[in-house]
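*Asks:* sequence plus predicted model, see below.
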Amino acid sequence: MPQRPDTLPEQPPPDAEARRAIAPVICYPVDALPQPDIALYSTARLQAETIECLRVPPREARAFRVKAGQFFRIACPEGSQVGDLNLFSAADPAERFFSGKTRALHGTHLSVGARMWSCFPFLRPMATITADSLAWYGTDPYGGRVHDVIGTRCDPYTHFLLSGGQEYHHCCHSNLTRALVAEGFARERAEGMVHDVLNVFMCTGFTADNGQYFMKASPARAGDFIEFFAEIDLIGVLSACPGGDCGAEHSSDAAICHPLEVQVLALPPGALEGWRPPARSGYSRSHGLLGEVPPP
Ligand SMILES: [Zn+2]
């Protein structure tokens with residue numbers, strides 16, 4: 001068994017700079033991925049009509065349903081407001097959004113052309129971002145960008161830990177849980193269904209000195225929106241974060257909060273000629289084990 005050295009080196013090794021100078025490579029080059037047909041989506045979008053409009057009150061969450069081949073738009077109708085978004089397959093809610101793999105594929109923040117991928121063993125696009133009124137923001141001088149897949153969601157457990165034991169029931173985690181119960185899922189099951197989110201409109205990054213996760217006031221204003229194409233039948237759940245624009249704090253009633261709006265837009269028949277919902281991953285799920293693969 002290797003022994004731990006008695007003393008750790010006080011100085012970096014002589015080739016420290018050479019080791020640091022090794023160029024990085026992209027973990028997952030996305031050129032090989034099946035690319036969304038953004039031109040087809042954009043043309044079809046011109047024919048889309050709003051069939052549902054849902055208001056998400058501040059510090060609450062609401063569920064909505066979108067069929068494959070429809071669009072949904074999340075907007076700030078009254079003022080700057082961050083939203084925490086969960087997605088499930090309507091056919092099988094065990095298939096849910098996979099924030100970590102989406103981040104590994106598309107980067108820490110999402111905009112037009114990026115896709116929201118589902119968890120294992122499904123791993124397919126659930127939604128594709130087709131429009132983003134904040135695409136102009138880019139990267140600010142602090143390294144901040146908009147619509148992150150870094151943060152998990154504000155939750156009452158971390159709040160309890162950091163606040164010396166205070167209870168707060170309107171964190172996004174709790175809002176999403178209540179919305180799933182209201183959608184008909186059993187209370188015992190609902191909390192476990194909540195997963196890491198897409199932080200819609202949230203402006204975040206990592207500090208340059210020690211890599212800490214930071215947030216700053218969202219650049220979203222009344223009228224801003226982000227729009228998605230549903231690749232499969234979806235249940236979406238959106239929380240209007242108690243942090244409001246997340247410029248100061250979350251997990252309390254201190255911040256000014258606004259409602260969010262979800263619009264679902266449908267297309268006339270034939271508008272998506274040749275398009276099919278993506279198939280779930282074709283991997284066998286054998287994992288190198290002998291015997292029959294159990295059902296998912
Ligand atoms: Zn939140």
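*Replies:* Arrived safely, thanks for sending. Residues are numbered from 1 along each chain as shown.
*Asks:* number of nearby residues for residue 163?
*Replies:* When neighbours are counted by other CB atoms under 10 Å, residue 163 registers 13. All C-beta atoms are positioned from the backbone trio N, CA, C, and that covers glycine.
*Asks:* look up how far residue 242 lies from it.
*Replies:* 13 Å (CB to CB, to the nearest Å).
*Asks:* which neighbours do those two have in common?
*Replies:* residue 251 (CB atoms under 8 Å, 6 or more residues apart in numbering).
*Asks:* before we move on, which element is residue 54 in?
*Replies:* Using DSSP states H and E, residue 54 sits in strand 49-56.
*Asks:* err, residue 43, not the other one
*Replies:* helix 38-45.
*Asks:* which parts of that helix are buried?
*Replies:* 38, 41, 44-45 (16 or more other CB atoms under 10 Å).
*Asks:* same list (the residues you listed) but as CSV, adding pLDDT and distance to the ion.
*Replies:* Output for those, formatted as CSV (pLDDT from 0 to 100; distance: CB to the ion, whole Å):
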residue, pLDDT, distance to the ion
38, 90, 30
41, 95, 29
44, 95, 33
45, 95, 29
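*Asks:* which non-adjacent residue is nearest the residue nearest the centre of the chain?
*Replies:* Relative to the mean C-alpha position of the chain, the nearest C-alpha, by CA atoms, centre = their mean, is the one of residue 198, at 1.8 Å. Once flanking residues are discounted, residue 198 sits nearest to residue 85: 4.5 Å by CB to CB, 6 or more residues apart in numbering.
*Asks:* which other helices and strands does the longest helix seen in the chain contact?
*Replies:* Counting by DSSP state H, the longest helix found in the chain is helix 172-182. Helix 172-182 sits against strand 61-66, strand 83-89, helix 156-162, helix 187-193, strand 234-240, with contacts defined as 3 or more CB pairs under 8 Å, 6 or more residues apart in numbering; DSSP states H and E.
*Asks:* select, out of those, the one closest to the ion.
*Replies:* strand 83-89 (5.0 Å; CB to the ion).
*Asks:* what's the angle from that closest one to strand 49-56?
*Replies:* 120 degrees (axes from the mean of the first three to the mean of the last three CA atoms, to 10 degrees).
*Asks:* hang on, residue 130 in a strand?
*Replies:* Yes - judged by DSSP: H, G, I helix; E, B strand; the rest coil, residue 130 forms part of a strand.
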